[in-house]
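>>> predicted model follows, preceded by the sequence.
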Amino acid sequence: MAAKFAFDRPDDALHALAGRLATTQVQPAIEVGSAVGRVLAQPIVADRDSPAADVSAMDGYAIRIHQLQTSRPISISAQAAPGQPPPAMVEDAVVRIFTGAMIPPGAEAVIKREDTQESGHQIRLSDSAMTTRVGQHIRRAGENASAGDRVIPAGVSIHAGHVAAAINFSCFDVDVFAPVKVSVVTTGDEVGMFVNESPKPWQLQNSNSQAIGSLLRRPWIDTVSSTHCVDDKETLIQTLTDRLAASDAVILTGGVSMGDYDYVPDVVRHVGGKVVFHGLPIRPGKPILGAATPDGKLILGLPGNPVSATIGCRRMALPLLAKISGLNQWLPPAPFIHLEDCGYKTLPLHWMKLIRLTTSGTAEIVPSQGSGDLVSMSHSDGFVEVPPTVADQSPNPSGPWPFYPW
Ligand SMILES: Nc1nc2c(c(=O)[nH]1)N[C@H]1C(S)=C(S)[C@@H](COP(=O)(O)OP(=O)(O)OC[C@H]3O[C@@H](n4cnc5c(N)ncnc54)[C@H](O)[C@@H]3O)O[C@H]1N2
Ligand code: MOO
């Protein structure tokens, strides 16, 4: 690892690597309701105005403004019901109208029925109706969108609001990007899944595989495999070659630092990966390695320590996978949160601190023994990223700092 970092900020490293990644193929014509969480590959365009016509926003009476001047009873000439073409307005009469019904041509406003006194086929206007203005309680044709407008851009993760809009504009099937095929490869002779036996003191359970698998459980990601590889260079070359052939991205953990058995950097280069960064000014996770293949596949080597691997996956892997998935907002701005009792120690690194949310809307630091302390991580809701101290300008230790929830 070079002594000087290739990038000063994690986001700069992400942008540089993201620029080398290819987006997944398009899957055409998926029923929109079952595409929730998937990434839209085509914009949704309004096939007609929304609303399609002037409609009433209230149950009441369609009137002309000059009718406000009378204190005499006004007759009700007809009824405008939803699902029906509107009746004509008759001179000196109002039309009873229901929410969602089309406004009769010539009507200028709707008066809520509670602003009238109703008696049979007549109404009298209450004082509260006298200030009615043109257009009151009328939803105008096209006020939400006009025919031909692009109402939803490509590159969003489809949610219920998108489904509502798409269906309204008669868009029942949508094109989406294929989920990103991800392979997870954990490394280390000491690591395994010991189910029917207890690990020996020099062994440990493969928590990284499951922690990363949990973070990858999203509709736009397809985790195609999770493999464990011993610390053997040839085996790792074979595993990485094989996994790259089957995936858009390979996420490795462990073997990325300075030890004699840390083969990941060499192996990534051996299989043709162009290393964009190896080492970033972050804690934990400093030895992280980011690379891309010539055909735009991601290889991300996360450090083996469980807190480093999990934070690295959340902070670095997820945005890069989001980029591959076609998401426009692949690096969304993190919400900011204030810390309580955070101490004044700062580091010349971007310091990811495990935090717990408090009921008062701030966050408290979760005391931690460091990047091997997965117990402290289990007590956290996520982490904040405290930037490095700049010269004498100590950052305000309480923030607010960007918050990355699990
Ligand atoms: N001379 C130096 N040594 C180290 C440096 C350094 O800069 N110079 N950096 C340290 C930092 S920081 C980290 S982080 C680690 C990262 O090392 P590796 O990525 O090579 O990770 P390993 O050595 O393979 O493992 C580290 C640690 O994590 C445990 N581990 C590994 N895989 C798993 C897994 N799948 N599930 C749970 N736990 C796992 C492993 O047993 C080790 O305890 O390097 C420092 N050293
Ligand atoms: O990068 Mo390491 O995670 O600080 O122990």
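Thanks, I have the structure now. Ligands and ions are numbered 1, 2, ... in the order given.
>>> quick check: the residue of the stretch 51-200 of the chain nearest ligand 2.
residue 188 (14.3 Å; CB to the nearest ligand atom). Glycine gets a C-beta too; all of them are placed from N, C-alpha and C.
>>> and the residue lying closest to that residue once chain neighbours are set aside, how close does it get to ligand 2?
Nearest residue to residue 188, sequence neighbours excluded (CB to CB, 6 or more residues apart in numbering): residue 254, at 4.6 Å. Applying CB to the nearest ligand atom, to the nearest Å, the value for residue 254 to ligand 2 is 11 Å.
>>> show me what contacts the residue nearest in space to the middle of the chain?
Central residue of the chain (CA atoms, centre = their mean): residue 157, 6.6 Å from the mean position. Going by CB atoms under 8 Å, 6 or more residues apart in numbering, residue 157 touches 37-40, 219-220, 327.
>>> any chance of those residues in a markdown table, plus distance to ligand 2, neighbour count and secondary structure?
Putting the contacts of residue 157 into a markdown table (distance: CB to the nearest ligand atom, whole Å; neighbours: other CB atoms under 10 Å; DSSP: H, G, I helix; E, B strand; the rest coil) gives the following:
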| residue | distance to ligand 2 | neighbour count | secondary structure |
| --- | --- | --- | --- |
| 37 | 31 | 14 | coil |
| 38 | 33 | 24 | coil |
| 39 | 31 | 27 | strand |
| 40 | 36 | 25 | strand |
| 219 | 30 | 15 | coil |
| 220 | 27 | 21 | coil |
| 327 | 27 | 21 | coil |
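>>> out of those residues, the closest to ligand 1 would be?
Using CB to the nearest ligand atom, these come closest to ligand 1 at residue 220, 24.5 Å.
>>> okay, how far is it across stretch 92-102, tip to tip?
20 Å (CA to CA, to the nearest Å).
>>> wait, residue 401 sits on residue 384?
Yes. The pair residue 401 / residue 384 is scored as a contact, 4.0 Å apart, by CB atoms under 8 Å.
>>> and for the two, which residues touch both?
337, 339.
>>> can you pull out the helices in this protein?
10-18, 160-168, 207-215, 233-246, 264-270, 306-312, 318-324, 374-378 (DSSP state H).
>>> can you put those helices in TSV and add mean neighbour count?
Shown next, in TSV, are these (neighbours: other CB atoms under 10 Å):
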stretch	mean neighbour count
helix 10-18	19
helix 160-168	15
helix 207-215	18
helix 233-246	17
helix 264-270	21
helix 306-312	27
helix 318-324	23
helix 374-378	15
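>>> out of these, which is closest to residue 300?
Closest approach to residue 300 among these (CB to CB): helix 318-324, 6.6 Å.
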